[in-house]
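In: Could you look at this predicted model? Sequence included:
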Amino acid sequence: MANGMNRISWLGTSPRNAFMLAGLVALLVLLPLFLGQSWLSITTEMLILALAASSLNIMLGYTGMVSFGPAGIYAVGAYTTGVFMEKLGIGIVPAVLAAPVMAGIIGFLVGWICVRRSAVYFALLTLAFSQIIWTVVFQWYSVTGGDDGLVSVPVPDFFFEITNCYYFMLAVVSVCLFIIWKIVNSPFGMTLQAIRENPNRVEFIGVNVKHYQLASFVISSVFLGIAGSMHCVFSGSAFPDYAYWVKSADMLVICLLGGIYNFFGPLVGTVVYTVLTKVISEYTMHWHLVLGGIIVLIILAMRKGVVGTLANYWANRKSAAA
Amino acid sequence: MSNTFKAFGMMLATAALVAVIGLAPTTVLAEKPPIKIGFIHTMSGPISMYGISSAAGAKVAVDEINAAGGVLGRKLELIVRDDKISPDTGLREAKDLVLKEKVDFLAGTISSGVGLAISNYAKRAKKIYLINIAQSTKITEENFHPYVFRFTTNSTPYFGKGPAIALANTYKSKKIIVLGYDYETGKNSLKEFKDTYLKLVPDAKFIDELWVPLGTTDFTAYIAKMANSGADCFYLAAIYGGGELAFTKQAWSFGLYDKMKAVQPCAGDVETWSKVKQGDPYPKDALATCRYPFWAIKGEKNAEFAKKVREMTDLWPAYGALDAYIIMYAIKDAVTKAGSTDTQKVIKAMENLTMDTFVGKIKMRAFDHQAMMPTWYGIMRFTPDLPFPHITDVGELGEDSYHTIEQIKKIRGK
């Protein structure tokens, strides 16, 4: 790590990479033609979850801040859109646009306090704040619907058509991922990675580490807010579960599964996690046990996650062949 | 650079895998296709017994109906899915059942959150959804739509109004202290209980209300307060499951059940108490409601059903099983009456359904699509008939324990 082995590489412009990217985009665009509606709906959910996990990874993988509370901010996004539409009768466009703003504001307030501590104290503070958000959502019956959640968010019928919803989410998630990509590969993003590697040294060269960490927290929150809002549009509902620590744990596991030191880690992690959960639970009632076992094995055997391990493996093979 | 490149390869491979799984062929049956029922329930995790028991009840009915020739010459087919007590998963499974399995009906579930999520989807997908456990009145009151039907009690007869009538019929206590979980359901239950009880026993007094955070399991401080309050009865507002078990243990060791009468609305259902043996703490002499006291219902059909469920699951037959059984017969009756599975026709037929079941006549109330399922109540005791504590001196509550249509109009108008 220290020698920069895990530094995220630029996309590059080689014909092969361009070809692969074009292939992926084409595949995703053409997916509705050959994928059943049910799987298309699951893929839409995966897109949203992948965005949430990638947002978390700005903090986790790039800045080295382990947050146990991404679900709280995610729920802020979902409930902002949900409450605006269901309770206040505001249209979908402002309701969706308000989500990242609200998530950013809450992210700033929570982050401002949390970055004052590091490591395990930081993690516990984020957990505490997300549980506060969960409690507010769970108890504030007149606004959030309490434990029943918001269940009849008047999302336009356009989004009820799964193909439409898929393309919309694909567009939103692609744009967001592109922006995240740009951010983490900018000089700002490099500074975040330097902070992850050695915060003391970065402090010594005159960087205000706390400011950068807070910025990372807020950026991550904004995108988590978008992901939450998208989920509200997708399902026409919002539930207190979105803010619960279990949801945070899901996001963390997805990042670890895929690999936190690679931009594509959370994306692959999402696919692996969702497919594993769905397939295993079709075969056994004790899916918790099987899934847990597999996750433990993957994390023990592939410390850099699926993407990181495979990338290392190919790199080693290449250097051995050379 | 190569990391990125390989990552793309990996993503392509995974996407291809997803595509292949998605394309797996669905079986097509010849001639008369079955009537498919997508049954979504909590089949795994700590409360899986509710789902397992419900699925068994549904299966008993489907087997009986199919053995008797099916419905309009078509067999019933039950497809069971696990919602993992998560609204998201429930919604995902509902979509999968409607889009891929092309089910004609959706049914099931325990969590009201999951139920509301599926109900909202059913409304937009225009599929009939029949609920067999979820209790939130929201489903049939504020969030009512023509596609949702409930074949189980709701929180009004179960938590509030029912226990109040039962208390007025039995102990007629005058000085009541309340302990409840501090959230909407707890507060609503007490309001319902209090309003009903004070009408029936006007000289009764509610001397104190103690509210504890949801999920609390250490009640000792509150129990001491209750014991010294001078009350002759306590009422638990929406404290159920693990919380109720913990409370009962502590109240038992404190001798609270000897000091005053108890109203524990949820204690009558078998799930919570079926593992409690003679000598263990239990809600002694508490007044409790129950949604299927299989031991107290007369008739061969009841005994046969209880036996089948017991054999199938190794669980004591619970209301989830009974309600799921009734739902399958409701589908049969409504489809037969409608002469087809056309959704609008079936809705009309189901709205006017009165079923003759082994627990009595059950009427569907067209206004809110709430079946007037009976609620039973009784005093919790051990008897030689069963190895766990259960309600005895059983009484039955009917339509008067539900919200009236006028009340619902008021709630919806808010």
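Out: Cool, the structure landed.

In: Okay, now the unreliable bits of chain A?
Out: Counting by pLDDT under 70, the low-confidence segments of chain A come to A:1-18, A:322.

In: ditto for chain B
Out: Counting by pLDDT under 70, the ranges of chain B that qualify are B:1-31, B:414.

In: Could you chop it up by domain?
Out: Split into domains by automatic domain parsing, chain B comes to B:35-153+B:297-371, B:156-290+B:375-413.

In: winner for burial among those?
Out: Stretch with highest mean neighbour count among these: domain B:35-153+B:297-371 (a mean of 21; mean count of other C-beta atoms under 10 Å in any protein chain shown). Quick note: C-beta positions are derived from backbone N, CA and C, even for glycine.

In: from the chain's centre, how far out does that one sit?
Out: 11 Å (C-alpha atoms, centre = their mean, to the nearest Å).

In: From the opening residue of it to its closing one, how far?
Out: Using C-alpha to C-alpha, to the nearest Å, the end-to-end distance of domain B:35-153+B:297-371 comes out at 22 Å.

In: could you dump the domains of chain B to TSV with distance to chain A?
Out: Shown next, in TSV, are the domains of chain B (distance: least, C-beta to the nearest C-beta, whole Å):
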stretch	distance to chain A
domain B:35-153+B:297-371	4
domain B:156-290+B:375-413	5
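
In: Now do the SS call for B:Ala288.
Out: Following DSSP: H, G, I helix; E, B strand; the rest coil, B:Ala288 is assigned to strand.

In: List the residues that contact it.
Out: By C-beta atoms under 8 Å, 6 or more residues apart in numbering or on different chains, the contact list for B:Ala288 reads B:263-268, B:377-380, B:391.

In: So it versus A:Gln193, what's the distance?
Out: The gap separating B:Ala288 from A:Gln193 is 61 Å, by C-beta to C-beta, to the nearest Å.

In: Redo the domains of chain B as CSV? Include distance to A:Ile294.
Out: Listed next are those as CSV, based on distance: least, C-beta to C-beta, whole Å:
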stretch, distance to A:Ile294
domain B:35-153+B:297-371, 16
domain B:156-290+B:375-413, 29
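
In: For A:Lys304, which of the ones you listed is the nearest?
Out: domain B:35-153+B:297-371 (29.0 Å; C-beta to C-beta).

In: need the next SSE after the longest helix anywhere in chain A, C-terminal direction.
Out: For chain A, the helix with the greatest residue count under DSSP state H is helix A:209-235. Note on helix A:209-235: by DSSP states H and E, the next helix or strand toward the C-terminus is helix A:245-258.

In: now the angle between helix A:209-235 and that following helix, please.
Out: Here helix A:245-258 runs at an angle of 110 degrees relative to helix A:209-235 (axes from the mean of the first three to the mean of the last three C-alpha atoms, to 10 degrees).

In: Return the set of buried residues in helix A:245-258.
Out: For helix A:245-258, burial by neighbour count (16 or more other C-beta atoms under 10 Å in any protein chain shown) applies to A:245, A:247-248, A:250-258.

In: show me where chain A has helices.
Out: So, for chain A - with DSSP H - the helices run A:15-34, A:37-57, A:70-86, A:92-114, A:119-139, A:141-144, A:162-184, A:187-197, A:199-204, A:209-235, A:245-258, A:265-283, A:287-301, A:305-321.

In: Check whether B:Met364 sits in a helix, strand or coil.
Out: With three-state DSSP as the criterion, B:Met364 was assigned strand.

In: Please disregard the earlier target; I meant B:Leu130.
Out: At B:Leu130, secondary structure determined by three-state DSSP is strand.

In: Just grab the bridge partners of it for me.
Out: Beta-bridge partners of B:Leu130, counted by DSSP bridges, are B:Ala107, B:Phe149.

In: hmm, back to that, tell me which two of the buried residues of helix A:245-258 sit farthest apart.
Out: Farthest pair in those, by C-beta to C-beta: A:Trp245 and A:Gly258, 20.4 Å.

In: so how far is B:Met260 from B:Glu177?
Out: Small correction: residue B:177 is Ile, not Glu. Taking C-beta to C-beta, one finds B:Ile177 at 8 Å from B:Met260.

In: list the residues that contact both of the two?
Out: By C-beta under 8 Å, 6+ apart, the residues touching both B:Ile177 and B:Met260 are B:226, B:231, B:233-234.

In: from those residues, which ones fall inside helices?
Out: Short answer: the shared contacts of B:Ile177 and B:Met260 in helices (DSSP H) are B:Met226.

In: contacting residues around B:Asp333?
Out: Contacts of B:Asp333 (C-beta under 8 Å, 6+ apart): B:349, B:353, B:355.

In: Tell me which helix or strand it sits in.
Out: Applying DSSP H and E, one finds B:Asp333 within helix B:319-338.

In: Could you point out the helix or strand that follows that helix?
Out: Remark: after helix B:319-338, the chain's next helix or strand is helix B:343-351, criterion DSSP H and E.

In: between that next one and helix B:319-338, how many degrees?
Out: 120 degrees.

In: What helices and strands are in contact with helix B:343-351?
Out: strand B:128-131, helix B:319-338 (3 or more C-beta pairs under 8 Å, 6 or more residues apart in numbering or on different chains; DSSP states H and E).

In: Make JSON lines out of the ones you listed and add distance to B:Thr217.
Out: Formatted as JSON lines, these follow (distance: least, C-beta to C-beta, whole Å):
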{"stretch": "strand B:128-131", "distance to B:Thr217": "29"}
{"stretch": "helix B:319-338", "distance to B:Thr217": "25"}
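
In: Just confirm B:Lys277 is within a strand.
Out: No - using three-state DSSP, the assignment for B:Lys277 is coil, not a strand.

In: Would you mind measuring from the closest residue to it other than its chain neighbours to B:Val276?
Out: Distance criterion C-beta to C-beta, 6 or more residues apart in numbering or on different chains; nearest residue to B:Lys277, sequence neighbours excluded, is B:Pro387 at 6.6 Å. Between B:Pro387 and B:Val276 the distance is 9 Å, computed by C-beta to C-beta.

In: now swap in B:Ala125 and tell me
Out: Using C-beta to C-beta, one gets 42 Å for the distance from B:Ala125 to B:Val276.
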